[in-house]
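In: Fold the following.
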Amino acid sequence: MSAPDAPPAALTARWVLPVEGPPIHGGTVELTPDGRVAAVHDRPDARSGAEDLGELTLLPGFVNCHTHLEFSDFTAPLPAAGTFADWIAATVAARRDRPGDRMERVNRGLAECLAAGVTTVGEIATGTPEQGGWDAARLPPPHARPALVAFGELIAPRDPVAGLAAARAFLHGDADPPDLIRGLSPHAPYSVHPAVPTLLAACPDTAAAPWAIHLLETDEEIDLMAQNRGPLAAAMARLGATRGDFGANRLRRDYLDPLAAAARGLVIHGNRQTKADVEWLSAPERWQLSVIYCPRTHAHFRHPPHPWLALREAGVRVALGTDGRGSNPDLSVLGELQFLHAQFPAVPTGELLALGTLHGAEAMGVHGGRIAANRPADLCGIRPGVMTNDPAADVLHPVSAVAAVWRAGRRVR
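Out: Numbering: from 1, shown residues only. This is a model prediction of the structure:
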């Protein structure tokens, strides 16, 4: 993609949804030459260089807090009819056996995200450049992809010291672009030694990074960690990967408590949280922790209802992810929001939009997710399926679609 033109002086639209404030009818977003928002208001802008978007609704670019973009070449999700252990085995086999270049698939996914109006992505970065894995040097230029929080995936089931060393090596990347933040992903309790999160929390450079961990995802995970039984326990035994902490019921002590020491902590999925877990997350001193809900992935696995409404009522920040194409038909946050709106029509539409914009930005500690002065002009124009006096509901109509995308004020779609 060639570099886009300079930002216009302003964008005007039938509706502007700042998300952090009320909708603005006939709104104007003034832009700076370096691609930031100068002002947002309801006055017309007749300056030369202002662009009228007509009937489009202008809102912040979407924020996708959880992806596995290495699977972006999948045309359909992997079947989930068996156990979770079966699905993990199929995912590992797909990672191992597929030909081709992993970074090409990651970049393909980044392009899909941007086309879907996603301007910030939280990606699980798997492997190293030496292994043919995730490589920041091979990313497209910033205007051709979303901004990134790259969570280096840690698979360290037996050697916690090696896990810490791998974490520190990932964080010390060279010559990263300015819109890339590096974080860490101790993958999950069954794939990371219980001492690893404590070591990460005690080390200043790793504790200063954002973390993401797949946690409280399935009954099989809880059965393994609490009682060392079930399909996941059997799979670990077959692999010779049984550990002494399996069955010790130490999920909170070994994984949640250290996560609270991170600069930002993402509980990925969190499908099986109890009332006690919700209360623990809602404590004021844990304000930096968020739960990342992937609605269509959740439906793909036919999980029981997610506790996101209870978390919302308790004041816990909930944001959205798509997961990867191994469990989701696409990488569209708008698709996640439309799905949620159909399932939960009583939830105010403005609150739903915040799940896919503002809350995601706050969860990962980035500057997007809202239209406000001095914020990056990462924006999305939606062609609404209907036009009413509720512009947020119009955006969430099932046939509404992304029609335009801006990165740093420059139109890239």
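
In: show me what contacts Ile371?
Out: In this structure, Ile371 makes contact with Val16, Leu17, Pro18, Val19, Glu20, Val29, Val37, Val40, Leu58, Leu59, Pro60, Leu379, judged by CB atoms under 8 Å, 6 or more residues apart in numbering. All C-beta spots, glycine's among them, are computed from the backbone N, C-alpha and C.

In: any idea how far the residue nearest the centre of the chain lies from Gly100?
Out: What sits nearest the mean C-alpha location of the chain, by CA atoms, centre = their mean, is Cys65, with 1.0 Å. Separation of Cys65 from Gly100 (CB to CB, to the nearest Å): 26 Å.

In: Report the secondary structure state of Trp280.
Out: helix (DSSP: H, G, I helix; E, B strand; the rest coil).

In: list the contacts for it?
Out: Taking CB under 8 Å, 6+ apart, one finds Arg252, Leu256, Arg286 in contact with Trp280.

In: which residues touch stretch 390-404?
Out: Residues contacting stretch 390-404 (CB under 8 Å, 6+ apart): 14-15, 17, 23, 53, 56-57, 59, 115-117, 334, 337-338, 341-342, 349-350, 352-353, 380-388, 411, 413.

In: Show me what counts as buried in it.
Out: Buried residues in stretch 390-404, defined by neighbour count with 16 or more other CB atoms under 10 Å: Pro391, Ala392, Ala393, Asp394, Val395, Leu396, His397, Ser400, Val402, Ala403, Ala404.

In: In these, find the pair that's most separated.
Out: Ala393 and Ala404 (20.2 Å; CB to CB).

In: Spell out, range by range, the strands that occur in the stretch 301-413 of the chain.
Out: Using DSSP state E, counting those that start in this stretch, the strands assigned to the stretch 301-413 of the chain run over residues 317-320, 379-383, 401-407, 410-411.

In: want to throw the ones you listed into a markdown table with distance to Phe246 and mean pLDDT?
Out: Listed next are the strands of the stretch 301-413 of the chain as a markdown table, based on distance: least, CB to CB, whole Å; pLDDT from 0 to 100:
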| stretch | distance to Phe246 | mean pLDDT |
| --- | --- | --- |
| strand 317-320 | 29 | 98 |
| strand 379-383 | 44 | 98 |
| strand 401-407 | 44 | 98 |
| strand 410-411 | 51 | 96 |
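
In: if we can go back for a sec, the residue nearest to the centre of the chain falls within a helix, correct?
Out: No. Remark: Cys65 does not belong to a helix; assigned using three-state DSSP, it is strand.

In: that older thread, show me the one of the strands of the stretch 301-413 of the chain that comes nearest Pro44.
Out: Per CB to CB, nearest to Pro44 of the strands of the stretch 301-413 of the chain: strand 379-383, 18.0 Å.

In: For that closest one, which strands pair with it and how are they oriented?
Out: strand 57-60 (antiparallel), strand 401-407 (antiparallel) (DSSP bridges).

In: export the ones you listed to a markdown table and tack on distance to Val267?
Out: Output for the strands paired with strand 379-383, formatted as a markdown table (distance: least, CB to CB, whole Å):
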| stretch | distance to Val267 |
| --- | --- |
| strand 57-60 | 23 |
| strand 401-407 | 28 |
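
In: just so I know, which of those lies nearest Pro33?
Out: Nearest of the strands paired with strand 379-383 to Pro33, taken as CB to CB: strand 401-407 at 13.9 Å.
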